[in-house]
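J.: kindly generate the corresponding structure for this input.
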Amino acid sequence: MAARLLPSWVWVTGLTAGATVAVVLLAVQADKGPHPTAAAVRPSASASAGAHPSASPAPVKAPAVPAASGTGRRIVYSLGAKRVWTVDASGKATRTFTVWPGTVSPDPGTYTISRTRAATTGSDGVQIEHILYFASKSGLSVAFSNAVDGASPAPAAGKQTSGIRMPKADGAALWTFGTEPNTRVTVVK
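T.: Numbering: from 1, shown residues only. A predicted model of the protein is given here:
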């Protein structure tokens, strides 16, 4: 009966205070647990005699820009490697990443980004963004893009698709690089 005599604000205040205490206790416990750390790898001027092999794998070096891909600022797309490079005016790769091509691929050659579109629905029904059109083949427009949700589903069976999909972060970076005027795309085998 005593519970009915207390105003509702007392109950709300009490429950809020109790929940706050519980959250603080959990935060203190979490703070005492292990924390992820970034290992700083510093190159050594010389190898020491007592060096031991590391249990961590050596960083993977990104593949070099294909030799026959031209010169100057450009996007390079390797059909065989399913990989894209952005190359600055000095010929240095600024980014590289793997892609998921559609069922229709462009022919090897040099193209220019002909049209851009911020977002639309792909021919496979997937919402896409950062679309950079640069070629056409078999009546389809060939373009780089990424799925809005970051996924890359397999093309529908029997359906021709010409989109070259990539992870969302790479799509945003390629969009920034490719929307500059007269950006060339070199497609190599």
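J.: buried residues, stretch 149-163. List them.
T.: Neighbour-count burial for stretch 149-163, counted by 16 or more other Cβ atoms under 10 Å, picks out 152, 155, 161-163. (C-beta placed from N, C-alpha, C; glycine too.)
J.: for these, which one is nearest residue 131?
T.: residue 163 (8.1 Å; Cβ to Cβ).
J.: for the closest one, grab phi and psi.
T.: phi -70, psi 140 (degrees, to the nearest 10).
J.: same question, residue 170
T.: Per-residue torsions, residue 170: phi -70, psi -40 (degrees, to the nearest 10).
J.: now for it: which residues touch it?
T.: By Cβ atoms under 8 Å, 6 or more residues apart in numbering, residue 170 lies in contact with 84, 95, 97, 99, 146.
J.: now do 10 Å
T.: Applying Cβ atoms under 10 Å, 6 or more residues apart in numbering to residue 170 gives the contacts 84, 86, 95-99, 130, 144, 146.
J.: and the pLDDT for it?
T.: Predicted confidence (pLDDT) for residue 170: 96.
J.: swap in residue 104?
T.: Model confidence at residue 104 (pLDDT) stands at 92.
J.: now the nearest residue to it once chain neighbours are set aside: how far from residue 103?
T.: Leaving aside its chain neighbours, residue 104 sits nearest to residue 162 (4.3 Å; criterion: Cβ to Cβ, 6 or more residues apart in numbering). To residue 103, residue 162 is 8 Å away according to Cβ to Cβ, to the nearest Å.
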